[in-house]
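Asks: sequence and computational prediction follow.
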Amino acid sequence: MINPVIKANEIISPSKGITLAVIQNSRQVHALLVLADTGDHIKAIDISKHFGVTGGIIEQYQKVGYEKLRQLAIEQNGKVTSYSIKQLLSPAGEGAHHLALGLNYAKHAKEVNDEAKPFMFVKATVATRAQPISVDMSELLDYEVELCARPLQTLTTVPAVDEPAFGFFICGDFTDRAKLLRGIDTENLQSGQGFSYAKSKANYFPTGPYMVISKHWQKFIADTQLSLILNGELKQQEKAEKLLWPLNTIIEKALHHSRHNTAGDSEIVASLLPAGKISPKITILTGTPEGILVKPPETSFKVISAFNYILTGKFTDSSLINYVIERYIAKLMTEKSTLQPNDQLLLKANYLGEIKITIVGDD
């Protein structure tokens, strides 16, 4: 892989979009208009004070409006203050159920030996910032870098491409592959079975420090590059324009499933979107590029495991599929093929900042 030029700490020009962050100030949430990112700090105008608005980051944005904020970013005629990156809360808000996509990049589908047919599932956890992620001996912890999109108002249809409709931010979608291997439907990966269970542990949804609202949201997606670096080695990189289901298609399919009282590609997706609506409390995780740590077992491993299954009489205790899965999980744990304590991760994307994560042991 060749590391692309990622302008992670460069704030988008007001001619293309605005950047918002959020902090906790006493008991109130304050929204910030971000003007610069130095790596450890941002320089921003507190729009809660400047405009006298309250509520969450989306509510305050709605009260002020895109054009006023864009003009403020150009003129910078408010009080500019420095804030530590560590102070910033997640731009995903406090929602606990989010819409996620599997196999939404062709190369990722190929690396897991499946057809390039995306599917939806629910990620049921509250987003965090960049807290350490713990791993214990029973887990196979794996990473994914993704572009996240949060609607700026309740959606009942796909918004026009030339209006500010989403807040975009970088996010991580972490997975316990041991849970996933045990819960997945090996005959129909697109069912989404097992994905919510394996991806919804606390801290499995870290996000970047701020969100970008672009007037031309499809163009912003097309221009976004994602990357993930593990211990200094580039593991994932891709342009978001390579999504198999672009954001408009994701919205169309999600709304269709909910209106027809069917779970669609996951048994619980429809229940996430009552009355055919996608609310701003829901973040859409658009999918991950190739480069994950855990791949399916090779054919040779399956064949050897099948012989052992017969010769040792294990067929009296479990099915062949479950036997192969457990042997493969044990193999990966012995090899320590997945994330281990002290591993360092860096996730970044154009204009969306960085997520720095340390993996720690589960004491």
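Replies: Ah, there it is.
Asks: residue 17 touches residue 210, doesn't it?
Replies: No - counting by C-beta atoms under 8 Å, residue 17 stays clear of residue 210, with 11.4 Å between them. Every residue, glycine included, has its C-beta placed from N, CA and C.
Asks: those two: which is more packed in?
Replies: residue 210 (29 against 26; other C-beta atoms under 10 Å).
Asks: next, that one: phi, psi?
Replies: phi -160, psi 170 (degrees, to the nearest 10).
Asks: same question for residue 324.
Replies: phi -60, psi -40.
Asks: so how far is residue 330 from it?
Replies: Relative to residue 330, residue 324 is positioned 11 Å away (C-beta to C-beta, to the nearest Å).
Asks: looking at the two, which is more packed in?
Replies: A count of neighbours by other C-beta under 10 Å puts residue 324 above the other of residue 324 and residue 330, at 22 against 11.
Asks: I'd say that one and residue 297 touch.
Replies: Yes - if you go by C-beta under 8 Å, residue 324 and residue 297 touch, sitting 6.9 Å apart.
Asks: what about residue 178, which SS state?
Replies: What DSSP: H, G, I helix; E, B strand; the rest coil gives for residue 178 is helix.
Asks: who are the contact partners of it?
Replies: Residues near residue 178 by C-beta atoms under 8 Å, 6 or more residues apart in numbering: 138, 139, 140, 329, 333.
Asks: what is the burial count for the fourth one?
Replies: By that I understand residue 329. Count around residue 329 with other C-beta under 10 Å applied: 19.
Asks: contacting residues for it?
Replies: Contacts of residue 329 (C-beta under 8 Å, 6+ apart): 140, 178, 181, 182.
Asks: want to throw those residues into JSON lines with pLDDT?
Replies: What follows is these, written out as JSON lines (pLDDT from 0 to 100):
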{"residue": "140", "pLDDT": "95"}
{"residue": "178", "pLDDT": "93"}
{"residue": "181", "pLDDT": "89"}
{"residue": "182", "pLDDT": "89"}
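Asks: for these, which one is nearest residue 167?
Replies: Checking these against residue 167 with C-beta to C-beta, the nearest one is residue 140 at 32.2 Å.
Asks: please name the nearest non-neighbouring residue to that closest one.
Replies: residue 177 (3.9 Å; C-beta to C-beta, 6 or more residues apart in numbering).
Asks: is it true that that neighbour touches residue 143?
Replies: No - if you go by C-beta under 8 Å, residue 177 and residue 143 don't touch, sitting 10.6 Å apart.
Asks: quick one, which of these two is more surrounded?
Replies: residue 143 (25 against 22).
Asks: now that one: how far from residue 169?
Replies: 17 Å.
Asks: could you check stretch 55-62 and say which residues are buried?
Replies: 56, 57, 58, 60, 61 (16 or more other C-beta atoms under 10 Å).
Asks: nearest to residue 195 among those?
Replies: So of these, ranked by how close each gets to residue 195 (C-beta to C-beta), first place is residue 58, at 26.5 Å.
Asks: give me every residue that touches the closest one.
Replies: Residue 58 sits next to 93, 150, 152, 167, 280 when contact means C-beta under 8 Å, 6+ apart.
Asks: which of those lies closest to residue 120?
Replies: residue 150 (16.4 Å).
Asks: so that closest one sits in a strand?
Replies: Yes - assessed with three-state DSSP, residue 150 lies in a strand.
Asks: what is the neighbour count of it?
Replies: 26.
Asks: give me the ChimeraX select line for the contacts of residue 329, limited to the buried ones.
Replies: Here is the ChimeraX command that picks out the buried ones among the contacts of residue 329, judged by 16+ other C-beta under 10 Å:
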select :140,178,181
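Asks: does residue 90 touch residue 211 like I think?
Replies: No - in this structure, residue 90 is not within contact of residue 211 by C-beta under 8 Å, at 9.5 Å.
Asks: ok, those two, which is more surrounded?
Replies: Between residue 90 and residue 211, counting by other C-beta under 10 Å, residue 211 is the more crowded of the two (30 against 25).
Asks: just the strands from the stretch 201-350 of the chain, written as ranges.
Replies: 211-214, 225-230, 233-239, 284-285, 344-349 (DSSP state E, counting those that start in this stretch).
Asks: tell me which of these sits nearest to residue 30.
Replies: So among those, strand 211-214 is nearest, using C-beta to C-beta, at 14.8 Å.
Asks: so how far is the closest one from its chain's centroid?
Replies: 16 Å (C-alpha atoms, centre = their mean, to the nearest Å).
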